[in-house]
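**Student:** pasting the sequence and the predicted model now:
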Amino acid sequence: MGRFIFIDVVAAFALSFIWYAWFVRYNRKRAGNVLQWVQAACLGKGRIADLRWQSNSSRLKATLHLSSRWFEDAHLTISLLPRPIPVQWVLSRYRQEQETLTFEADMGFPPGFHLEVIRHRWSGRSGAQKSGAQKSTSSRNWTISRPGPVILTTKEDWPVELNPVVNALASWRDKDFEGVRFNSTSPHFTATVALENLSDQKAASALLGLFRELAASSSAKQH
């Protein structure tokens, strides 16, 4: 009996080790691909350096050296699902956490304002349908429309210098940004995007282009 228990323990340990090693490798490969796409999208004007893994290979921090007049001291943070630890991975799936890429940098022309944009989505649906005659009387025909961007703000007065930034943000309906922040102190610009939107070098190039567009729009009144 004791022998079988020992075998079960060894088998469980071996399985756990294989799981951990496999998904550490998977996460590192996934993050490595993202960094390669970002560096390739810089077209020789950017270089990834100083890679630092944290949190059981689920978070990677790196420095992005850019020869750009818009961004200085740029950093990338890739947050992955904690696949190597099964319990943490299950909890993250239950909470519907997303894998993200966060870009933060100082700007050559720091914004003269503080702006934090958090993207939220609301959805609605009908209640539970009833059976029989009640079902036929309670059923409704739904009309679905695609409205324009809706912006909720805590500011009573809308500064003129924010118009280019907000217009640029409102035009990004097809980009799943989790949040964008402008600050007059370091870091001047921070943006977090869902990692599922980065599938190749072309997508990374479009993303960096949008970052530059935002930086330009935030400093349009300053130079």
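**Tutor:** Thanks, I have it.
**Student:** the helices in this protein, which residues?
**Tutor:** 2-41, 86-94, 132-138, 163-170, 201-218 (DSSP state H).
**Student:** highest mean neighbour count out of those helices?
**Tutor:** Stretch with highest mean neighbour count among the helices of the chain: helix 201-218 (a mean of 18; mean count of other Cβ atoms under 10 Å). Where C-beta positions appear, they are placed from N, C-alpha and C, glycine not excepted.
**Student:** what residues does it touch?
**Tutor:** Helix 201-218 is contacted from outside by 34, 36-38, 40-42, 68, 70-71, 103, 107, 109, 111, 161, 164-165, 167-169, 172, 175, 180, 182, 189, 191, 193, 197-198, using Cβ atoms under 8 Å, 6 or more residues apart in numbering.
**Student:** how near is the residue nearest the centre of the chain to residue 167?
**Tutor:** Closest to where the C-alpha atoms of the chain average out (Cα atoms, centre = their mean) is residue 193, at 2.7 Å. Per Cβ to Cβ, to the nearest Å, residue 193 is found 19 Å from residue 167.
**Student:** where in the protein is pLDDT low?
**Tutor:** 1-4, 6, 8, 119-140, 144-155, 158-161, 170-176, 219-223 (pLDDT under 70).
**Student:** repeat that with 90
**Tutor:** For the chain, the stretches with pLDDT under 90 are 1-17, 19, 42-46, 54-57, 66-72, 86, 93, 96-98, 107-186, 193-223.
**Student:** name all residues that make contact with residue 104.
**Tutor:** 74, 75, 77, 187, 189, 190, 191.
**Student:** just those now: which is nearest residue 13?
**Tutor:** residue 77 (32.5 Å; Cβ to Cβ).
**Student:** enumerate the beta-bridge partners assigned to that closest one.
**Tutor:** For residue 77, the beta-bridge partners under DSSP bridges are residue 61, residue 102.
**Student:** residue contacts, it?
**Tutor:** 59, 60, 61, 62, 101, 102, 104.
**Student:** tell me the contacts of the fifth one?
**Tutor:** To tie it back to what came earlier, the one meant is residue 101. The contact partners of residue 101, by Cβ under 8 Å, 6+ apart, come to 34, 76, 77, 78, 79, 192, 193, 195, 198.
**Student:** and the closest residue to the fifth one other than its chain neighbours, how far from residue 55?
**Tutor:** Taking Cβ to Cβ, 6 or more residues apart in numbering, and ignoring the residues beside it in sequence, residue 79 has residue 100 as its nearest neighbour in space, at 4.9 Å. According to Cβ to Cβ, residue 100 stands 13 Å off from residue 55.
**Student:** what about these two, which has more around it?
**Tutor:** residue 100 (20 against 13; other Cβ atoms under 10 Å).
**Student:** isn't residue 42 up against residue 66?
**Tutor:** Yes - at 6.8 Å, residue 42 counts as touching residue 66 under the criterion of Cβ atoms under 8 Å.
**Student:** report the contact partners of the nearest residue to residue 117 once chain neighbours are set aside.
**Tutor:** Distances taken as Cβ to Cβ, 6+ apart put residue 180 closest to residue 117, at 4.6 Å, once the chain neighbours are dropped. The neighbourhood of residue 180, defined by Cβ under 8 Å, 6+ apart, consists of 115, 116, 117, 169, 190, 191, 192, 214.
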